[in-house]
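Trainee: heads up, no residue letters with this:
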């Protein structure tokens, strides 16, 4: 059975989707990823779909699900690398993925995740952080 | 039919008569007659046409023997379409060939018993050639139109990099769905290439905003967001603001500004940039 | 080359055709490839290609979910000088009782977002659905190169 690999990078989980998804594969990814978030106590999930040329309503829904489920487990999700044609198609389809955070590429996605998590930490307890630009 | 053989012998007469007729028509229409180029084609056409016509194929335009003639005709009518000749001139061009042939053969035809069937089959053949001429002529015109359409859609959607990370896209003219797609495609591609994180859509040049245009704008904003960038709409004139509210269009989810300048200020704020006046005695309030 | 005129719409002429059977989820991948090849052959732009393939993906999912698969006819067609890709999805599943209802945004009997049919319609230029309860559904879509 085909499976999409999930990489652990510090507090984050990184998934790069390199193959064209079909429904079963996407559902497996959803389950694997959520289990991995829980097991690793991950703070963030970064999904790179820059190699994906088709995102239909089902895969769009899976991405939304992953974001919502991770949020319940206290992890932020960022989807990066959406191709222009895919973005236009998703919007036309009526699926603007409103619950999902997005970034241009992996680098920007990492920055976004870092800022989201620092923001969380500083608001909670760690006041010794020098960064207070908000 | 012997007449076909007669026609082959009279090729030079046909050619001469046809050339005369065209010079005459051109003079009537007040156009200078470009002898060089047209003569070349006329000669080649008469040559290939008369050479390929035979007893066996005169009633069959689909015969491969006529491919060369059709090819030539298409070439000349396509050229004429692009040079702006009128359909009338293009039509006369091929019709006068038929006339020339019949005139040259008139004496022989009077003597021949086959005259009527020959005239009918020849007419049918020549009419098919005329149809080809018109089809190609129109293709040529469409080609001109298509090229112009492409040019217009290209020049009307420039994406401007106004700052590192900020793109501006002035939209001029009506925003229909195919236009929106072109504009969006350009914008999103540019976002990828420049790694920009803010896009400003300026609609000062859009004459009216109805619910359909508003929907296109909302789509543009959503698609930009999917790319990980923010989208600001600027250039909203008072009357457009009025229309938007009266139509009950909800644009509350997107950032709108009245001028490109204020949109740019907003973009600077998003990127944590500040514009400073070097003259320290004055301060610019941002 | 003649084009027939019938009640105001031009009838497209088929240039090439190919049938792809879809009976399991993985079959969607070869179908996407076939559709893509057709679209590339007639020089369809990337965005329109993506819209077309996404629409095909949606319709195949419906076919698998409600009718356990079916056949997809992939054609390249032309009307005048405009070329396009025409897809016909044919199944012999239970059929749709109320097509108007199925075409409304937000309606779904299956476990999905309900974007299926109306969303798909927005992605293509022509969309036609015929269904008979008990004998099956046929959906036909066309995406033009310039459209």
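Mentor: Great, that's in hand. All values reported here derive from a predicted model rather than from experimental measurement.

Trainee: which bits of chain B sit near chain C?
Mentor: Proximity of chain B to chain C (CB under 8 Å from any CB of the partner chain) is limited to residues B:135, B:139, B:142, B:178, B:181, B:185. For glycine as for every other residue, the C-beta is placed from the backbone atoms N, C-alpha and C.

Trainee: count of neighbours near the nearest residue to residue A:51 once chain neighbours are set aside?
Mentor: In this structure, residue A:51 finds its nearest non-sequential neighbour in residue A:18, 5.0 Å apart by CB to CB, 6 or more residues apart in numbering or on different chains. By other CB atoms under 10 Å in any protein chain shown, 11 other residues sit near residue A:18.

Trainee: do you know the pLDDT at residue A:18?
Mentor: Looking at residue A:18, its pLDDT is 88.

Trainee: what does residue C:2 give?
Mentor: pLDDT for residue C:2: 35.

Trainee: and stretch C:80-92, how far from the chain's centre?
Mentor: 7 Å (CA atoms, centre = their mean, to the nearest Å).

Trainee: so residue A:53 belongs to a strand, correct?
Mentor: No. Residue A:53 is assigned coil when assessed by DSSP: H, G, I helix; E, B strand; the rest coil, not a strand.

Trainee: element containing the residue nearest to residue A:51?
Mentor: Element membership for residue A:18, per DSSP states H and E: none, as it lies in no helix or strand.

Trainee: residue A:29 versus that one, what's the distance?
Mentor: Relative to residue A:29, residue A:18 is positioned 12 Å away (CB to CB, to the nearest Å).

Trainee: local confidence estimate at residue 121?
Mentor: Since no chain was named, I'll use chain A. Looking at residue A:121, the pLDDT reads 57.

Trainee: wait, chain B
Mentor: In this prediction, residue B:121 has a pLDDT value of 85.

Trainee: wait, it touches residue B:59, no?
Mentor: Yes. With contact defined as CB atoms under 8 Å, residue B:121 and residue B:59 form a contacting pair (4.9 Å).

Trainee: about what we covered before: look up how far chain B lies from the residue nearest to residue A:51.
Mentor: 19 Å (CB to the nearest CB, to the nearest Å).

Trainee: and that residue, backbone torsions?
Mentor: Backbone torsions for residue A:18, taken as degrees, to the nearest 10, come to phi -110, psi -10.

Trainee: distance of it from residue B:193?
Mentor: 22 Å.

Trainee: cool, and residue B:3?
Mentor: Distance check for residue B:3 against residue B:193: by CB to CB, it reads 69 Å.

Trainee: of the two, which one has the most company?
Mentor: Higher neighbour count among residue B:3 and residue B:193: residue B:3, with 20 against 11, using other CB under 10 Å.

Trainee: contacting residues for that one?
Mentor: Counting by CB atoms under 8 Å, 6 or more residues apart in numbering or on different chains, residue B:3 touches B:105, B:108, B:109, B:112, B:114, B:115, B:118.

Trainee: for the residue of the stretch 1-150 of chain B at minimum distance from chain C, grab the count of nearby residues.
Mentor: Checking the stretch 1-150 of chain B residue by residue against chain C with CB to the nearest CB singles out residue B:142 as nearest, at 6.7 Å. Residue B:142 has 13 neighbouring residues, counting by other CB under 10 Å.

Trainee: for residue B:240, which non-adjacent residue is spatially closest?
Mentor: Using CB to CB, 6+ apart, the closest residue to residue B:240 is residue B:209 (4.9 Å).

Trainee: that neighbour contacts residue B:241, correct?
Mentor: No. Under the criterion of CB under 8 Å, residue B:209 is not in contact with residue B:241, lying 9.1 Å apart.

Trainee: so for these two, which residue has more residues nearby?
Mentor: Between residue B:209 and residue B:241, residue B:209 has the larger neighbour count (other CB under 10 Å), namely 23 against 14.

Trainee: so residue B:115 makes contact with residue B:109?
Mentor: Yes. Using CB under 8 Å, residue B:115 is in contact with residue B:109, at 4.3 Å.
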